[in-house]
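Colleague: 3D, please:
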Amino acid sequence: MANDKSNKVTIIIIFIIVITALGLRLYGLNKYDLWYDEYCTDGYSFEYHRIRAEWCGVSVPAYFLDCAMKDYHPPFYYLLVYAYSFFFGVGKSLRILSVIFSMLSLGAFYKLSRLFLRRHECLYALFILACNPFHIWYAQEARVYAMAGFFAIVAFYLYMKALKINTLLYWALFSISSVFALYTSPYFSLFLLISGVFLFFKNNQQYARKWIVSMIVILMICFPIIYKYMHQFKNVDNDFFWVPVLSFKTLCITFVVFSLG
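Modeller: Predicted structure coming up:
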C-alpha cells in the first residue's frame, strides 16, 4: 500500500515537472524572428524546395537530395524538417520540432538517471534539467541541438543497459540509436570514443567483443557521411576564428555558460 502511494506521488510530481517544462519551452516561443542559422533550417522546408525545384526544372525529392549531399551537416534533422514542414508549415513553426525533442529528452533523461540515482534524486535531477536555461534556449531554436541531445541521451541509456544486462537486444538498440545520433550530429562521435573507456573497468572487459562489433556496425552504416564530418570539423577549426584560445579561464566561462545559459 505504501509503495502504491509512493508511486502515485512520484507520477504526480513528474506530471507537474513536465507541465512546467512544457510551459517554459512554449513561453515566448515566437517572440523573436528567425535568426541566420534558423533561416538555414527553413531553407530545408518542403515549400522552399518546391519553389527552387520548379526553378531548376527537377523534382522536389531530387532537389532535396542534391542539397543534402552538398551540405556538410548530417542529413537526418533536415530530412525531418522537410517532412515536418510538409504538414505543419515553415518559419517559426519549425521551432515546435525542437520543443518536441526537448520534452522527449526529459523522459529519456529520467530513465537514464534511474540507473544511477534513487527515485527522489531522479526527480530533483529532472526538475533541474526541466528548468535549465541552456536546455530551454535550444528547445526554442529551429536547429538540430534539441534533437541531437535526445538521441545522445537515448544512446547513452541503451549503452548503460547493454553493459548492465548484456543482451543482444540492448547492444542492437544501442547501435541503432547511435546511428540515428550520428546522422543527426557529428559530435556524438566523441561519445562513442569515450564509451570505450568503460571497458577498462574490470567488470566491463567481458563486453569488449560486443562493443567492437557495435562500433564496426555503426561505422559501416555511417560510412557514407564520414566526409561530412571531416568537412564540418575542418570548418569549425578554420573558420570559427572567434573561438578563444583554450585556457583555464575559458574552461570556467564555458562551464558557466553551459550550466546557466
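Colleague: hmm, who's touching the top helix by length along the chain?
Modeller: Scanning the chain for the longest helix, with DSSP state H as the assignment, gives helix 2-26. The contact list for helix 2-26 (C-beta atoms under 8 Å, 6 or more residues apart in numbering) reads 99, 102-103, 106, 110, 119, 123, 126-127, 130-131, 136, 139-140. Bear in mind the C-beta positions are built from the backbone N, C-alpha and C, glycine included.
Colleague: now the stretch 101-250 of the chain, which segments are flagged as low pLDDT?
Modeller: 229, 231-246 (pLDDT under 70).
Colleague: Do a quick rundown of the helices in the chain.
Modeller: Taking DSSP H, the helices of the chain run over residues 2-26, 36-42, 46-56, 60-70, 76-88, 95-113, 119-130, 133-139, 145-165, 168-182, 188-195, 208-222, 226-239, 248-260.
Colleague: out of these, nearest to F201?
Modeller: helix 145-165 (9.1 Å; C-beta to C-beta).
Colleague: just the angle between the closest one and helix 2-26, please?
Modeller: Interaxial angle, helix 145-165 versus helix 2-26 (axes from the mean of the first three to the mean of the last three C-alpha atoms, to 10 degrees): 150 degrees.
Colleague: which strands and helices sit next to helix 145-165?
Modeller: helix 76-88, helix 95-113, helix 133-139, helix 168-182, helix 188-195 (3 or more C-beta pairs under 8 Å, 6 or more residues apart in numbering; DSSP states H and E).
Colleague: can you put those in TSV and add distance to T20 and mean neighbour count?
Modeller: Compiled in TSV, the helices and strands packed on helix 145-165 are given as follows (distance: least, C-beta to C-beta, whole Å; neighbours: other C-beta atoms under 10 Å):
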stretch	distance to T20	mean neighbour count
helix 76-88	25	17
helix 95-113	10	21
helix 133-139	11	19
helix 168-182	27	20
helix 188-195	28	15
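Colleague: Restrict stretch 153-169 to CA atoms and write it as PDB.
Modeller: Coordinates of each C-alpha in stretch 153-169 appear next as PDB, following Å, rounded to 0.1, in the frame of the first residue of the first chain:
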ATOM      1  CA  ILE A 153      20.700  10.600 -24.100                       C
ATOM      2  CA  VAL A 154      18.900   7.600 -25.500                       C
ATOM      3  CA  ALA A 155      22.100   6.100 -26.900                       C
ATOM      4  CA  PHE A 156      23.900   6.600 -23.500                       C
ATOM      5  CA  TYR A 157      20.900   5.000 -21.700                       C
ATOM      6  CA  LEU A 158      20.900   2.000 -24.000                       C
ATOM      7  CA  TYR A 159      24.700   1.600 -23.700                       C
ATOM      8  CA  MET A 160      24.400   1.500 -19.900                       C
ATOM      9  CA  LYS A 161      21.600  -1.000 -20.200                       C
ATOM     10  CA  ALA A 162      23.800  -3.100 -22.500                       C
ATOM     11  CA  LEU A 163      26.600  -3.100 -20.000                       C
ATOM     12  CA  LYS A 164      24.300  -3.900 -17.200                       C
ATOM     13  CA  ILE A 165      22.100  -6.600 -18.700                       C
ATOM     14  CA  ASN A 166      24.300  -7.700 -21.600                       C
ATOM     15  CA  THR A 167      21.700  -8.900 -24.000                       C
ATOM     16  CA  LEU A 168      21.900  -8.800 -27.800                       C
ATOM     17  CA  LEU A 169      18.700  -6.700 -27.900                       C
END
